[in-house]
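[1] one predicted model, sequence on top.
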Amino acid sequence: MTQMEYAKPRSFKELDGIFESAKGPLRFIAGGTNVVPDLRAGTISPRLLVDLSGLKEMAYIREVKGEIAIGALSTISDILASRVICDKAPLLFQAARHLGSPLTRNRATIGGNLADASPAADTAPSLLAMGAMVHTRRRRGKERTIPLDRFFLGPNKTILAKDEIITRITFAKPKDPSRGRYLKLGLRNAMTISVASLAVSLEPEGSSFGGARIGLGAVAPTPVRAYLVEKKLASGAMDPKNIEACAQLITKEISPISDIRASADYRKRVVAVLFQRAIQAAVNGGTP
Amino acid sequence: MTTYPVRFLLNGTPVEVDVAAQDTLLETLRNKLWATEVKNGCGKGDCGCCAVLLDGRAVNSCLTLAVQANGKEVVTVKGLGNEDDPHPLQESFIRKGAIQCGFCTAGMIVSAKSLLDENPRPSPDEIREAVSGNLCRCTGYKKIIEAISDAAPKCSPSD
């Protein structure tokens, strides 16, 4: 086994110093709920583990001028305990409730959930449906802002460079928080990985679905927005006929795989059902 | 091999131990500090047998690196009470028969303690949610939920 080293920077300056002196591949770790099993299984073997959990300035949840900002080190439990998220972004609250178990949620961070880039990442569909942006930092303070729908490149692959970390996730405060719904189908109720998950966010304009956004999980190589469906929804009326037509279309917009949890065909059928239930709930103001 | 000195409070007692970067808190507790009350089940965060309180919150010690416990407070089921002076949760598990083979018990009680510290009067559904990361392969869940529910009024955060 190769030697592994560990570093825990307390500031961005210290982090930059680590980048300068690092020899060989490094891996970031925060809560460790994904990284530790990967280390144990030998699927990753970095030369250096860089523990980001000492960068305390990245643990916060706040609302500033109509925008909600979540520091990357916020744990899933922090999100569930946040008044701001509970009241103003219940779509994310609903998703956080479905991530793992309390034992996982007390460690897992939102930055890690996105950086891990699982197609089934629980927070991703809701964040996609709220049009979230990922803010990053590279060495020497180089920052950029990436729309979440351009962040994921494939299973466990993101657009992040080797020296790039997520600092925060932001999204505009939903105009009407009750017009959103996250649904997840797993093989059981508790502590389960998604067979399929879906988040719908509506910003009804009169009697149309204009402004509808849909995020999907576990039905493509990455979490995805359902752009074709959003367009079709917006172009039609706010009626059962349009919803039904969009439910047909959504099965064509996704590219699920068959795996240990479900077949591709099953996932297609299930997504159509989840879509209809979620949109109905969002139309009704959050209740199915 | 590069090792790192780690210091933390284990059930109120300061401990110091040298660990490798990839050593988990679970293996360090069991193999170096002989805290074998912390059980090694799946080793990948599925079963909750290895749950401990880390700075007051229940976590899987198999998913936490030992180096990440540095400067923190770790409490195992043993830190909550012992045979002479059991914690109300421990007493309740015995009285209710919520222990069959006993392998999940240490983690169950730690998750329950974490719940009661935040929510002193949980509903049965809230209790089920709180122990959703703890598997009991004897499937004795009903009595476990009852034991936690029964213990709740007798617990205070200082216990």
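    Sure thing, it's come through. Residues are numbered from 1 along each chain as shown, chains lettered A, B, ... in the order given.

[2] can you name the residue of the stretch 1-150 of chain A nearest to chain B?
    Nearest residue of the stretch 1-150 of chain A to chain B: A:S101, at 2.5 Å (Cβ to the nearest Cβ). All C-beta atoms are positioned from the backbone trio N, CA, C, and that covers glycine.

[3] residue contacts, that residue?
    A:A190, A:M191, B:G48, B:S132, B:G133, B:N134 (Cβ atoms under 8 Å, 6 or more residues apart in numbering or on different chains).

[4] and if we set it to 10 Å?
    A:190-192, B:45-46, B:48, B:51, B:58, B:60, B:111, B:129-135 (Cβ atoms under 10 Å, 6 or more residues apart in numbering or on different chains).

[5] domains for chain B, by residue range?
    B:4-79, B:81-154 (automatic domain parsing).

[6] oops, could you answer that again for chain A instead?
    What automatic domain parsing lists as the domains of chain A is A:5-54, A:57-172, A:180-283.

[7] how many residues are close by A:A245?
    The burial count assigned to A:A245 is 14, neighbours taken as other Cβ atoms under 10 Å in any protein chain shown.

[8] helix/strand/coil for it?
    helix (DSSP: H, G, I helix; E, B strand; the rest coil).

[9] just the pLDDT at the residue of the stretch 1-150 of chain A closest to chain B, thanks.
    Listed pLDDT for A:S101 reads 95.

[10] one more: A:P288?
    Predicted confidence (pLDDT) at A:P288: the value is 54.

[11] can you check A:R10 too?
    The model reports A:R10 with a pLDDT of 97.

[12] and the stretch 51-200 of chain A, which residues reach chain B?
    Neighbours of chain B within the stretch 51-200 of chain A, by Cβ under 10 Å from any Cβ of the partner chain: A:51, A:53-54, A:75, A:77, A:81, A:97, A:100-108, A:188-192.

[13] apply 6 Å and report the result again.
    Residues of the stretch 51-200 of chain A lying close to chain B by Cβ under 6 Å from any Cβ of the partner chain are A:S101, A:P102, A:L103, A:N106, A:R107, A:A190, A:M191.

[14] distance to B:P14 for the domains of chain A - can I get that in CSV?
    Formatted as CSV, the domains of chain A follow (distance: least, Cβ to Cβ, whole Å):
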stretch, distance to B:P14
domain A:5-54, 20
domain A:57-172, 23
domain A:180-283, 34
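
[15] need the least confident one among these, by mean pLDDT.
    Mean pLDDT values for those show the minimum at domain A:180-283, a mean of 90.

[16] now do the same end-to-end measure for that domain.
    End-to-end distance of domain A:180-283: 8 Å, with Cα to Cα, to the nearest Å as the criterion.

[17] do the same with stretch B:111-124
    14 Å.

[18] shouldn't B:L116 be in contact with B:C155?
    Yes - with contact defined as Cβ atoms under 6 Å, B:L116 and B:C155 form a contacting pair (5.0 Å).

[19] so between these two, which is more surrounded?
    Neighbour comparison, B:L116 and B:C155: the larger count goes to B:L116, with 24 against 19 (by other Cβ under 10 Å).

[20] in the helix or strand encompassing that one, which residues are buried?
    Per DSSP states H and E, B:L116 falls inside helix B:105-118. Within helix B:105-118, the residues that count as buried by 16 or more other Cβ atoms under 10 Å in any protein chain shown are B:105-117.

[21] the stretch 51-200 of chain A: helices as residue ranges?
    Ranges of helices within the stretch 51-200 of chain A are A:76-81, A:83-88, A:90-97, A:102-105, A:110-115, A:124-129, based on DSSP state H, counting those that start in this stretch.

[22] with chain B instead?
    Counting by DSSP state H, one finds helices in chain B at the ranges B:25-27, B:77-80, B:88-95, B:105-118, B:124-130, B:141-151.

[23] now do the contacts for A:A226.
    A:I214, A:L216, A:I250, A:E253 (Cβ atoms under 6 Å, 6 or more residues apart in numbering or on different chains).

[24] in strands only, show me those residues.
    A:I214, A:L216 (DSSP state E).

[25] residue 77: what's it in contact with?
    Using chain A here. For A:S77, the contacting residues are A:R105, A:N106, by Cβ under 6 Å, 6+ apart.

[26] hmm, no, I was thinking of chain B.
    Residues counted as contacts of B:V77 (Cβ under 6 Å, 6+ apart) are B:E37, B:A106, B:I109, B:V110.

[27] one more: A:I110?
    A:I70, A:S74, A:T123.

[28] excluding chain neighbours, what is closest to B:L80?
    Closest residue to B:L80 apart from its sequence neighbours, by Cβ to Cβ, 6 or more residues apart in numbering or on different chains: B:H87 at 4.0 Å.

[29] okay then, goodbye and thanks.
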